[in-house]
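>>> Structure for the following, please:
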Amino acid sequence: MSSKVRDYEKLAGDIIAAVGGKDNIAEVAHCATRLRLVLKETPAGAKEKVGAMAGVITVVESGGQFQVVIGTHVTDVYNVAAEMLHLENSEGGSKATKGIAAAVIGAISGCVSPIVYVLAACGLLQGALIIATALYPAVEANTTFQVLTYMSWTPFTYLPVLIALAGSKYFKVDTLLAVLCCCALVNPSWGEIAGRIAAGEPLTFMMLPLAETTYTSTVLPPIIVLALLVYVERFFKSHLPEVLQPIFVPLCSYLIMVPATLLVVGPITSGVAHGLSTAFQAFYTHLPWLCAMVFGAFWQVFVIFGVHWTFVPIFLTEFEQVGFSTLQAFCGIAVCAQVGAVFGVWFKSKNKKTKSVAMSAGLTGLFGITEPTIYGITLPLKKPFICACVAAAAGSLAASFFGTLYYAFAGLAGLLTVPNAYNAANPTSLTGAAVGTAIALVGAFALVQMVGFAEKVEETAAPVPEEKEALPAQPFELASPIKGEVKPLSACADPAFASGAMGKGVVIEPSEGRLYAPCDGQVMMLFETLHAIGLKSEKGAELLIHIGLDTVKLNGEGFKAHVQSGDTVKKGDLLIEFDISFIKEKGLSVTTPMVITNADNYADLIPSTGNHLSGDKVLDIIPA
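Presented below is the predicted three-dimensional model:
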């Protein structure tokens, strides 16, 4: 395909169109590698259509979600999709009907996955400090070491606050109100009160007994708080006069949610999390070899179905309860098995494309991100995925004989988090993690060599790309869509356009608020905020014209469209009117980039800068 992987606006727009448009999308979220859509109904062929798009690794339908696996650029695609769908203006909870299990998985994923990189970063810092302590124990008395230590624990101490920040977007509640409620849970004053209760002092709130539960490093209590806050906030918004809502909606919600959490929600959810943690610890204590094999073998299966997020509260509760995790080490071993398998495919494959994808996915997997590995290579080829699961079971089994545990949380378990298994009181733990990881990596690699896999034979003659078959053999031109000064694209204040990441073209400083068609063609996409439009010329050039910078914030105010998606237009047809004075009054720029998003199809694009009337030639396009 000729489309650029980094053409995020086109990719996001194409995905939205393929799944039935904005009206068919009930929820949008993302994790480390997936754009997660909850659709009211899945259009026929949507999975295949989206899966074939440039920049998409695969599509998975699981847990009530249409999951588009994109990889490490998913945040960029999500941010563009959020603009297109007005996510910041949506109200209420999910409009989709989901089962309880899917709702729970979706809630945990939506609240935890956005902060996983922060937790992973501090987990790596803890691992480095563990190594430093092992090599030089006296370093613990060093002030620098002590500062780094408390820094490494900060996101875990204030985990409910981070969950509030991420989860407020998922549940669509007021972010500051959500943060306020969760800040109250980790306030040191509550820790002192809980300590007094734990010491035997009977304390009450409105004559109701308070529990000794504390909430630092907890996951389930803040998620339940946010889920309930949806209804509490909605109730007061619908029953209070609008003039009173700015003050009394937060006040009333706060007065209800915090005491309710301290009295009921917190003790129940913490009890559930502690019970699950205790059960897994008991499983590992009595049958460590079986627990290790099962968890190692099936961890990546859990990832496929998206249920791996449900284990995060258990992991964190383990650290809160006993200071270590019995299961995270096996997650890291399973991740390394997938890496070994994908490098095995890279080594054995004769297909250049497969080798290229395998190398890229393998390097990403070293950092604990296995979706590109799974969906790009091992799962489509089937046998390598099974080889990885077998090697993960063998590596986890070996690690269990050494009593391997993780003593620091690994947000993204993998090769880099092996040091998290070190503890002076359990010296064989790190040895087991290293041995298990080595068995997983080497074992998966070797199994792939022995078992092999079936892949398409690479064609000796590269076919002409379909997109180029209809391209003209002679140069053609595009007219200026706006009256104003035309400048090189590098002059744009937006680095995404200036760098050429969105495509090649020009940038225009408008002197008139009227946008005309620069060529004959078709309207492929009109953003609902009317600040941008996508066109395809009859010559095959794909254009994106973005009126102003950050003008999506206006939500369509100051814009008037004269066309809609699907319309056929002639050069000079009026497409959009926009109020230059209004846009500038709002503190926004009217600088308008026009880029060719499929510029890679052409040998060169020659801009014509200076002052232009609409209709004047602004780009010469030279075919390849």
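>>> From now on I want contacts and neighbour counts done on CA atoms only, so please keep to that.
Will do.
>>> how long is stretch 606-613 end to end?
18 Å (CA to CA, to the nearest Å).
>>> Give me the buried positions along it.
Buried residues in stretch 606-613, counted by 16 or more other CA atoms under 10 Å: Pro607, Ser608, Thr609, Asn611, His612, Leu613.
>>> Now that stretch: average pLDDT?
Averaged over stretch 606-613, pLDDT sits at 73.
>>> for stretch 555-569, same thing?
87.
>>> what about the stretch 501-624 of the chain, any weak spots by pLDDT?
501, 610, 612, 614-615, 624 (pLDDT under 70).
>>> Which elements pack onto the helix ranked longest in the chain?
Across the chain, the longest stretch assigned as helix under DSSP state H is helix 428-451. Under the contact definition 3 or more CA pairs under 8 Å, 6 or more residues apart in numbering; DSSP states H and E, helix 428-451 sits against helix 328-348, helix 383-400.
>>> Off-centre distance for the shortest one?
The chain centroid and the centroid of helix 383-400 are separated by 27 Å under CA atoms, centre = their mean, to the nearest Å.
>>> Then the first one?
On the basis of CA atoms, centre = their mean, the separation between the geometric centre of helix 328-348 and that of its chain is 22 Å.
>>> what angle separates it from helix 383-400?
140 degrees (axes from the mean of the first three to the mean of the last three CA atoms, to 10 degrees).
>>> And helix 328-348, what's buried?
Buried residues in helix 328-348, defined by neighbour count with 16+ other CA under 10 Å: 328-346.
>>> again, but for stretch 10-29
Residues 10-16, 18-20, 22, 24-29 are the ones in stretch 10-29 that count as buried (16+ other CA under 10 Å).
>>> same deal with stretch 563-579?
Val563, Gln564, Thr568, Val569, Lys571, Gly572, Asp573, Leu574, Leu575, Ile576, Glu577, Phe578.
>>> Tell me how far the first one lies from Ile439.
Applying CA to CA, one obtains 61 Å for the distance of Val563 from Ile439.
>>> what stretches of the stretch 51-200 of the chain score poorly on pLDDT?
When residues are selected by pLDDT under 70, those of the stretch 51-200 of the chain lie in 62-64, 71-72, 87-102.
>>> Leu535: what secondary structure?
Here Leu535 is recorded as strand under DSSP: H, G, I helix; E, B strand; the rest coil.
>>> what's the nearest residue to it if we skip its chain neighbours?
In space, and not counting its chain neighbours, Leu535 is closest to Val523: 4.6 Å by CA to CA, 6 or more residues apart in numbering.
>>> Please report phi then psi for the one you found.
phi -80, psi 110 (degrees, to the nearest 10).
>>> Surely it and Gln564 touch.
Yes. Counting by CA atoms under 8 Å, Val523 touches Gln564, with 6.9 Å between them.
>>> Dump the helices and strands packed on helix 428-451 to CSV, plus mean pLDDT.
Shown next, in CSV, are those (pLDDT from 0 to 100):
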stretch, mean pLDDT
helix 328-348, 92
helix 383-400, 94
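>>> Tabulate those helices (a markdown table), appending distance to His73.
Conversion of these to a markdown table gives the following (distance: least, CA to CA, whole Å):
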| stretch | distance to His73 |
| --- | --- |
| helix 328-348 | 20 |
| helix 383-400 | 24 |
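>>> looking at those helices, which is closest to Val303?
When these are compared by CA to CA, helix 328-348 sits nearest Val303, at 10.3 Å.
>>> same for the next helix or strand after that closest one, what does it pack against?
Following helix 328-348 in sequence order, the next helix or strand is helix 352-365 (DSSP states H and E). Under the contact definition 3+ CA pairs under 8 Å, 6+ apart, helix 352-365 sits against helix 328-348, helix 371-373.
>>> and the buried residues of stretch 563-579, which two are the farthest apart?
Thr568 and Phe578 (21.0 Å).
>>> Can you give me the buried ones in the longest helix of the chain?
428-449.
>>> would you list the buried residues of stretch 606-613 in CSV and tack on secondary structure?
CSV is the format used below for the buried residues of stretch 606-613 (three-state DSSP):
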residue, secondary structure
Pro607, strand
Ser608, coil
Thr609, coil
Asn611, strand
His612, strand
Leu613, coil
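>>> Out of those residues, the closest to Pro623 would be?
Nearest to Pro623 out of those is Pro607 (CA to CA; 14.7 Å).
>>> Disregarding flanking residues, what is the spatial nearest neighbour of the closest one?
With CA to CA, 6+ apart as the criterion, Pro607 has its nearest non-adjacent residue at 4.5 Å, and that residue is Leu619.
>>> For that neighbour, grab phi and psi.
According to degrees, to the nearest 10, Leu619 has phi -140, psi 130.
>>> Could you tell me how many residues sit around it?
Residues lying near Leu619 (other CA atoms under 10 Å) number 19.
>>> List the beta-bridge partners for it.
Leu619 has these beta-bridge partners by DSSP bridges: Leu478, Pro607.
>>> got the contact list for it?
Glu477, Leu478, Ala479, Gly505, Leu605, Ile606, Pro607, Ser608 (CA atoms under 8 Å, 6 or more residues apart in numbering).
>>> before we move on, what SS does Pro241 have?
Assigned by three-state DSSP, the conformation of Pro241 is coil.
>>> Need the residues that contact the helix or strand containing Ile304.
Applying DSSP H and E as the criterion places Ile304 in helix 288-305. The contact list for helix 288-305 (CA under 8 Å, 6+ apart) reads 60, 62-63, 283-284, 308, 327, 330-331, 333-335, 389-397, 399-401.
>>> ChimeraX command for the buried members of those?
Buried residues within the contacts of helix 288-305, by 16+ other CA under 10 Å, are selected in ChimeraX with:
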select :60,63,283,284,308,327,330,331,333,334,335,389,390,391,392,393,394,395,396,397,399,400
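>>> any idea how far the closest residue in space to Thr278 that isn't next to it in sequence is from Leu543?
Distances taken as CA to CA, 6+ apart place Glu318 nearest to Thr278, at 7.9 Å, with adjacent residues excluded. Distance from Glu318 to Leu543, counting by CA to CA: 53 Å.
>>> rewinding a little: closest to Ala103 out of the helices and strands packed on helix 428-451?
Among these, helix 328-348 comes nearest to Ala103, with 23.8 Å by CA to CA.
>>> Run the angle between the closest one and helix 352-365 for me.
For helix 328-348 against helix 352-365, the angle by the same axes, to 10 degrees is 160 degrees.
>>> Restrict helix 328-348 to CA atoms and write it as PDB.
The C-alpha trace of helix 328-348 is given here as PDB (Å, rounded to 0.1, in the frame of the first residue of the first chain):
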ATOM      1  CA  GLN A 328       4.300 -11.200  37.500                       C
ATOM      2  CA  ALA A 329       7.500 -13.100  36.900                       C
ATOM      3  CA  PHE A 330       5.700 -15.600  34.700                       C
ATOM      4  CA  CYS A 331       4.100 -12.800  32.700                       C
ATOM      5  CA  GLY A 332       7.600 -11.600  31.900                       C
ATOM      6  CA  ILE A 333       8.700 -15.100  30.900                       C
ATOM      7  CA  ALA A 334       5.700 -15.500  28.600                       C
ATOM      8  CA  VAL A 335       6.500 -12.100  26.900                       C
ATOM      9  CA  CYS A 336      10.100 -13.200  26.300                       C
ATOM     10  CA  ALA A 337       8.800 -16.500  24.800                       C
ATOM     11  CA  GLN A 338       6.900 -14.500  22.200                       C
ATOM     12  CA  VAL A 339      10.000 -12.500  21.500                       C
ATOM     13  CA  GLY A 340      12.000 -15.700  21.000                       C
ATOM     14  CA  ALA A 341       9.400 -17.100  18.700                       C
ATOM     15  CA  VAL A 342       9.200 -13.900  16.500                       C
ATOM     16  CA  PHE A 343      13.000 -13.800  16.200                       C
ATOM     17  CA  GLY A 344      12.800 -17.500  15.300                       C
ATOM     18  CA  VAL A 345      10.400 -16.500  12.500                       C
ATOM     19  CA  TRP A 346      12.800 -13.700  11.400                       C
ATOM     20  CA  PHE A 347      15.700 -16.200  11.200                       C
ATOM     21  CA  LYS A 348      13.800 -18.900   9.300                       C
END
